[in-house]
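Trainee: Structural data only, the sequence is not supplied:
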């Protein structure tokens, strides 16, 4: 038998063993290590900072007096302000969000459900600085007129603004919990003669209750971590701790929260050691622990809801002439609740569009700013694109590798723990990411204000979203495809390259774009790491001391000068430009997201 040849004139063909494809495993390892180091860096930064000076923890949490000049560091008033603002927000957003979620899941026709849910989720994509501008220009005067609060800066104003920001989280998570209830449970309840209101009340909501409670906890975590919008309207008054009897009256007065204290100038002025720096890091540690605990408990409740609560608890209804009327009234109530977030979204877009007419002039996009009330936002747009582009380059491979780890390489228990850690990392307040970036990159590595430092910090915002979207896409892979590939003799690395990565593509694109839409509006971390208000070149040169201008920080500066008509006009125009950029990123993610939803 003649040896096989490789072609005319060639010698005998040699059998060569198939090379192992090692780069997917390498990518997964690098991504997991990088994401783990990012989370540990934030924790280590706060712990080391807290240990850098003598700190009396008992005095920190019980004393209302914060006076660095006299060495008094009491955060009780800030803790009260944080809880008060969060309580106002959740009191409004939780029942409204639950009712709206029931309407989306159980009342709205399936053909319209995606459009309605997308309209509500757009509220989550609005940058927090735009909410801050709305609060400064519209909510603050309203609260001042209704309560007599001078200027309108108050805990109540901050709570009202925060309620709108928390609402999409409550709705989205609650809808997921309601849609996870098996259709058979609804059908069994309907066969007992229950109408729609009774099916919802006795079958659907009890089964979804753990997930809906998790929605409230995740909303609380979101409220605790918000910085910029609250910063602009809370008044930032230290030392105001009311008596229990005066707690309600204190809502109409200025206050301070943990995030607004960290978002002020003190972290830059406090140095990098000593009692003042230790106290500020302790505030960050309190904030981080609170958000992490809420996130972990909420995820546990969501899993509890997926595993339990599937039994029907319903009685055969008694004949009553009021049943039909109650059913119609319940439907109208749920639709009314659903109309609120949709109306808020429409009103927000209308308010920005009508007041931001400067952005309709092409010159506003193409010329540089001149002072606070003239020129355009060319430099800010370019700087924001540099920051977002750098974050995309950093976050995409890490998000892909971490998604592969969560879905393919980790075992069931490890995957569950890693998913919880990833969601927790995604919930870390951005102000803490900014402070960690300032200490580790700007100060520790000597970068100063640098576009690369800003991109690294923004990448930490994008990676959890990209990784979880990638893992969700891989989880939806048909097991038959995997088995067929393994039957052909593919090794794990080859399976990853040939099957898993093509499968993960739409999820990765969706996650990166959604994460970038959020990152494009981040303000707090950029204030410490990357941006200056004026004097930055259009295109940065190098890495060290290479700041840029950005739209969120430009809008932040203008919002603080909102008493000037020219500055307010420029602020509205900048807000519209920022909304357009975020909207374009969401629109780009829509096709890939529809493809993911079609599979899952």
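Mentor: Yep, that arrived. Just so it is clear, the model here is predicted, and its values are computed rather than measured.
Trainee: Buried residues in stretch 402-413, which are they?
Mentor: 402-410 (16 or more other C-beta atoms under 10 Å). For every residue, glycine as well, the C-beta is placed using N, CA and C.
Trainee: Over to stretch 527-534?
Mentor: 527-531, 533.
Trainee: isn't residue 103 right next to residue 338, touching?
Mentor: Yes: in this structure, residue 103 is within contact of residue 338 by C-beta atoms under 8 Å, at 3.9 Å.
Trainee: show me what contacts residue 73?
Mentor: Residue 73 makes contact with 55-56, 59-60, 63, 66, 275-276, 279, according to C-beta atoms under 8 Å, 6 or more residues apart in numbering.
Trainee: redo that, cut-off 10 Å
Mentor: 53, 55-56, 59-60, 63, 65-67, 275-276, 278-280, 282-283 (C-beta atoms under 10 Å, 6 or more residues apart in numbering).
Trainee: before we move on, what about residue 278?
Mentor: Per C-beta under 10 Å, 6+ apart, neighbours of residue 278: 48-55, 60, 73, 270.
Trainee: ditto for residue 228
Mentor: Applying C-beta under 10 Å, 6+ apart to residue 228 gives the contacts 127-133, 259-260, 263, 430-431, 521-524, 527, 552-553, 555-556, 559.
Trainee: what do you get if the cut-off is 6 Å, keeping everything else the same?
Mentor: 128-129, 132, 523-524 (C-beta atoms under 6 Å, 6 or more residues apart in numbering).
Trainee: what's the pLDDT at residue 78?
Mentor: pLDDT recorded at residue 78 is 95.
Trainee: wait, it sits on residue 259?
Mentor: No: counting by C-beta atoms under 6 Å, residue 78 does not reach residue 259; the two are 9.0 Å apart.
Trainee: so where's this protein uncertain?
Mentor: 1-33, 35, 302-321, 492, 562-563, 592-600 (pLDDT under 70).
Trainee: how about the strands of it, start to end?
Mentor: Here the chain has its strands, by DSSP state E, at 66-67, 72-73, 369-370, 374-375.
Trainee: Tell me which of those approaches residue 583 most closely.
Mentor: strand 369-370 (22.3 Å; C-beta to C-beta).
Trainee: Measure how far the closest one is from the centre of its chain, please.
Mentor: With C-alpha atoms, centre = their mean, to the nearest Å as the basis, strand 369-370 stands 31 Å off its chain's centre.
Trainee: Same question for stretch 414-433.
Mentor: 11 Å.
Trainee: just stretch 411-431 next, same as before
Mentor: 14 Å.
Trainee: what do you get for stretch 96-115?
Mentor: Worked out by C-alpha atoms, centre = their mean, stretch 96-115 lies 22 Å from the chain centre.
Trainee: Excluding chain neighbours, what is closest to residue 84?
Mentor: residue 155 (4.9 Å; C-beta to C-beta, 6 or more residues apart in numbering).
Trainee: now residue 63
Mentor: residue 74 is the one closest to residue 63 (C-beta to C-beta, 6+ apart), at 2.7 Å.
Trainee: Quick check, that neighbour in contact with residue 61.
Mentor: No: between residue 74 and residue 61 there is no contact under C-beta under 6 Å: 8.1 Å.
Trainee: the more surrounded of the two?
Mentor: residue 74 (22 against 14; other C-beta atoms under 10 Å).
Trainee: Now do the helices in the stretch 301-450 of the chain.
Mentor: Here the stretch 301-450 of the chain has its helices, by DSSP state H, counting those that start in this stretch, at 323-355, 362-366, 378-404, 412-426, 430-437.
Trainee: just to revisit the earlier point, out of the buried residues of stretch 527-534, give me the two with the largest separation.
Mentor: Most distant of the buried residues of stretch 527-534, by C-beta to C-beta, are 529 and 533, 14.3 Å apart.
Trainee: Give me the longest helix you can find in this structure.
Mentor: In the chain, taking DSSP state H as the definition, the longest helix is helix 565-599.
Trainee: Give the other helices and strands that that helix contacts.
Mentor: helix 128-134, helix 323-355, helix 501-519, helix 551-560 (3 or more C-beta pairs under 6 Å, 6 or more residues apart in numbering; DSSP states H and E).
Trainee: Same list (those) but as TSV, adding mean neighbour count.
Mentor: Shown next, in TSV, are the helices and strands packed on helix 565-599 (neighbours: other C-beta atoms under 10 Å):
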stretch	mean neighbour count
helix 128-134	27
helix 323-355	16
helix 501-519	24
helix 551-560	25
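Trainee: got a markdown table for these, with distance to residue 221 too?
Mentor: Shown next, in a markdown table, are the helices and strands packed on helix 565-599 (distance: least, C-beta to C-beta, whole Å):
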| stretch | distance to residue 221 |
| --- | --- |
| helix 128-134 | 15 |
| helix 323-355 | 19 |
| helix 501-519 | 15 |
| helix 551-560 | 22 |
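Trainee: wait, which of those helices is closest to residue 247?
Mentor: helix 128-134 (25.1 Å).
Trainee: Does anything pack onto that closest one? Which helices or strands?
Mentor: Using 3+ C-beta pairs under 6 Å, 6+ apart: helix 128-134 touches helix 228-233, helix 551-560, helix 565-599.
Trainee: Mind giving me the packing neighbours of the second one?
Mentor: Spelled out, it's helix 551-560. Against helix 551-560 (3+ C-beta pairs under 6 Å, 6+ apart) you get helix 128-134, helix 378-404, helix 565-599.
Trainee: I'd like the distance between residue 294 and residue 232.
Mentor: Residue 294 is 24 Å from residue 232, where distance means C-beta to C-beta, to the nearest Å.
Trainee: ugh, wrong one, residue 345
Mentor: Taken as C-beta to C-beta, the span from residue 345 to residue 232 is 20 Å.
Trainee: same deal with residue 368?
Mentor: Counting by C-beta to C-beta - residue 368 and residue 232 are separated by 25 Å.
Trainee: Comparing the two, which shows the higher neighbour count?
Mentor: In terms of neighbours (other C-beta under 10 Å), residue 232 is the more surrounded of residue 368 and residue 232; the figures are 29 against 15.
Trainee: Now do the same contact list for the residue nearest to that one when sequence neighbours are not counted.
Mentor: Using C-beta to C-beta, 6+ apart and skipping residues adjacent in sequence, the residue nearest residue 232 is residue 132, 4.0 Å away. Residues counted as contacts of residue 132 (C-beta under 6 Å, 6+ apart) are 228-229, 232, 559.
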